[in-house]
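**Q** With the input below, show me the fold.
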Amino acid sequence: AKVAVFGSGSFGTAMATLVARNGHEVVILTRREEVAASINGAHRNPSHLSQHELLPNIRATTDPEACLRGARYIVHCVPLQASEAFLASVKAFIPEGCRFVSTSKGLHTETLEMMHQILPRVLGRGEDMPMAFFSGPTFAQELMADMPSGAVCAARDMAVARECAELFASPRMRVWPTDDIVGVEVGGALKNVIAIVAGILEGMGFGVNSVAMLVTRGCREMNKLAISMGAQEYTMTSLAGIGDLMLTCLGGLSRNKAVGLELGKGRKLEEVLEERTRTLQGVAEGVATTPAAVRLAEKHGVDAPILRGAGEVLAGRKSAQDALNELMTAPIREDAPISANLSKKYGQATW
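**A** From the prediction side, this is the model:
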């Protein structure tokens, strides 16, 4: 089948490679002529993962109409904050019945929407359009190196989830289908926020005790919010929840953790982001997601002290040290099941 991949960054290149390994015809849609020329001529992406030679069944173009003509699947790898404008510019060329697989993680900074809410609105196809949401602990570099990896693929219709999962699956890549779109999307969005905090802790000189506590209690906080939005409790124990969280918080390659690391060393956020942009280090989605996540928790009446602390530090309203002290001296409640906790009214921090 023909597969259109939106975005020629590290993750778009890696996803194109997963699909191409299964024998599909892959066309990457990029904004940059020189990227298209290099992929088509030298079989290399000149900007990302350029040490890897790309398979001959991967091509690239800057022309959305040519990219989408006859496509059976779309794999969307454009950062969430840029997705609305990007999709509006290509929607006229999307064929009827085309399956749309989103890999973008985050929350829209203004509307607090996730991709499963943005897509029907921007594409105007209604919720009946076959859509799936791919998430899990998948660093692009390791996918390119064909290391054993796993992810989940969520769709409202389990048949669509299975079909889209098979697009990527191989003896080196296991993809589990699920119908819990909300759980998968919340996990993918919020783990980036927790990863920034993990980086801050490391930057402050703390070790794995601190990060392990953060990852575990952070996952619980993510789950409280996800359940309050209608997700299944088990999803946060899957690759889309704790799996992605462990990768992003403990792995050395995470963009979000890298930002946190610099903040933990005392650098200013503006300075860190400016340097990342200048050196093409990729978008750390968690920076935009954090204030949106705090607002989302408030909207759903969920007390989320870790998210709130991250928001205060990123906004410059609190030092990392003060935010940490506040969390570490908050009242401790019994470690009850989330469902029991959610039914109580929160009078104090419950992390």
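**Q** how much space between Ser64 and Lys91?
**A** One thing to correct before we go on: residue 64 is Pro, not Ser. 9 Å (CB to CB, to the nearest Å). Placement of C-beta: from N, CA and C, glycine included.
**Q** neighbour count winner among these two?
**A** Using other CB atoms under 10 Å, the more surrounded residue of Pro64 and Lys91 is Pro64, with 18 against 15.
**Q** which stretches of the stretch 101-250 of the chain form strands?
**A** 131-135, 149-154, 173-178 (DSSP state E, counting those that start in this stretch).
**Q** Tell me which residues of the shortest one come out buried.
**A** By that I understand strand 131-135. 131-135 (16 or more other CB atoms under 10 Å).
**Q** where does the stretch 1-150 of the chain have low pLDDT?
**A** Along the stretch 1-150 of the chain, segments meeting pLDDT under 70 span 126-128.
**Q** Which parts of it are helices?
**A** 10-21, 33-42, 64-68, 80-90, 115-123, 140-144 (DSSP state H, counting those that start in this stretch).
**Q** quick one, which of the ones you listed is packed in tightest?
**A** helix 10-21 (a mean of 24; mean count of other CB atoms under 10 Å).
**Q** what residue ranges in the stretch 151-300 of the chain are flagged as low confidence?
**A** 253.
**Q** One more pass at 90, please.
**A** 251-255, 268, 270, 274-285 (pLDDT under 90).
**Q** Mind listing what's buried along stretch 313-325?
**A** For stretch 313-325, burial by neighbour count (16+ other CB under 10 Å) applies to 313-314, 318, 320, 323-324.
**Q** Same check on stretch 98-116?
**A** Buried-residue list, stretch 98-116, by 16+ other CB under 10 Å: 98-109, 113-116.
**Q** again with stretch 269-285
**A** Under 16+ other CB under 10 Å, the buried positions of stretch 269-285 are 269, 272-273, 276, 282-285.
**Q** how long is it end to end?
**A** By CA to CA, to the nearest Å, the extent of stretch 269-285 from end to end equals 14 Å.
**Q** so how far is that stretch off the chain centroid?
**A** Counting by CA atoms, centre = their mean, to the nearest Å, stretch 269-285 is centred 17 Å from the centre of its parent chain.
**Q** Turn the buried residues of stretch 313-325 into a markdown table, columns for distance to Ala36, pLDDT and secondary structure.
**A** A markdown table is the format used below for the buried residues of stretch 313-325 (distance: CB to CB, whole Å; pLDDT from 0 to 100; DSSP: H, G, I helix; E, B strand; the rest coil):
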| residue | distance to Ala36 | pLDDT | secondary structure |
| --- | --- | --- | --- |
| Val313 | 40 | 94 | helix |
| Leu314 | 36 | 95 | helix |
| Lys318 | 45 | 93 | coil |
| Ala320 | 42 | 94 | helix |
| Ala323 | 45 | 95 | helix |
| Leu324 | 46 | 95 | helix |
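**Q** and these, which two are the farthest apart?
**A** Leu314 and Leu324 (14.1 Å; CB to CB).
**Q** Among the helices of the stretch 1-150 of the chain, which comes closest to Val302?
**A** In terms of CB to CB, the element of those nearest to Val302 is helix 115-123, at 18.2 Å.
**Q** one step back: now tabulate the strands of the stretch 101-250 of the chain in a markdown table and tack on distance to Asn223.
**A** Formatted as a markdown table, the strands of the stretch 101-250 of the chain follow (distance: least, CB to CB, whole Å):
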| stretch | distance to Asn223 |
| --- | --- |
| strand 131-135 | 15 |
| strand 149-154 | 15 |
| strand 173-178 | 15 |
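**Q** what's the closest of those to Leu250?
**A** Among the strands of the stretch 101-250 of the chain, strand 149-154 sits nearest to Leu250 (CB to CB), with 15.5 Å.
**Q** so what strands line up beside that closest one?
**A** With DSSP bridges as the test, strand 149-154 is paired with strand 131-135 (antiparallel), strand 173-178 (parallel).
**Q** now the angle from the last one to helix 10-21?
**A** Which is strand 173-178. Interaxial angle of strand 173-178 relative to helix 10-21 (axes from the mean of the first three to the mean of the last three CA atoms, to 10 degrees): 100 degrees.
**Q** cool, the first one as well?
**A** Using the same axes, to 10 degrees, the direction of strand 131-135 lies 110 degrees away from that of helix 10-21.
**Q** Give me the contact list for strand 131-135.
**A** Under the criterion CB atoms under 8 Å, 6 or more residues apart in numbering, residues 15, 75, 99-103, 105, 115-116, 119-120, 151-156, 160-161, 164-165, 168, 175, 181, 184-185, 187-188, 239-240, 244 lie in contact with strand 131-135.
**Q** ok, now how distant is the residue nearest the centre of the chain from Ser319?
**A** Centroid-nearest residue in the chain: Lys105, 2.9 Å away (criterion: CA atoms, centre = their mean). Lys105 sits 28 Å away from Ser319, taking CB to CB as the criterion.
**Q** rewinding a little: can you count the residues close to the nearest residue to the residue nearest to the centre of the chain once chain neighbours are set aside?
**A** Nearest residue to Lys105, sequence neighbours excluded (CB to CB, 6 or more residues apart in numbering): Gly188, at 3.7 Å. Gly188: 32 surrounding residues under other CB under 10 Å.
**Q** who touches Gly188 in this structure?
**A** Counting by CB under 8 Å, 6+ apart, Gly188 touches 105-106, 133, 135, 240, 244.
**Q** measure it to Thr103 for me?
**A** Applying CB to CB, the value for Gly188 to Thr103 is 9 Å.
**Q** do the same with Asn256
**A** Counting by CB to CB, the gap from Asn256 to Thr103 is 16 Å.
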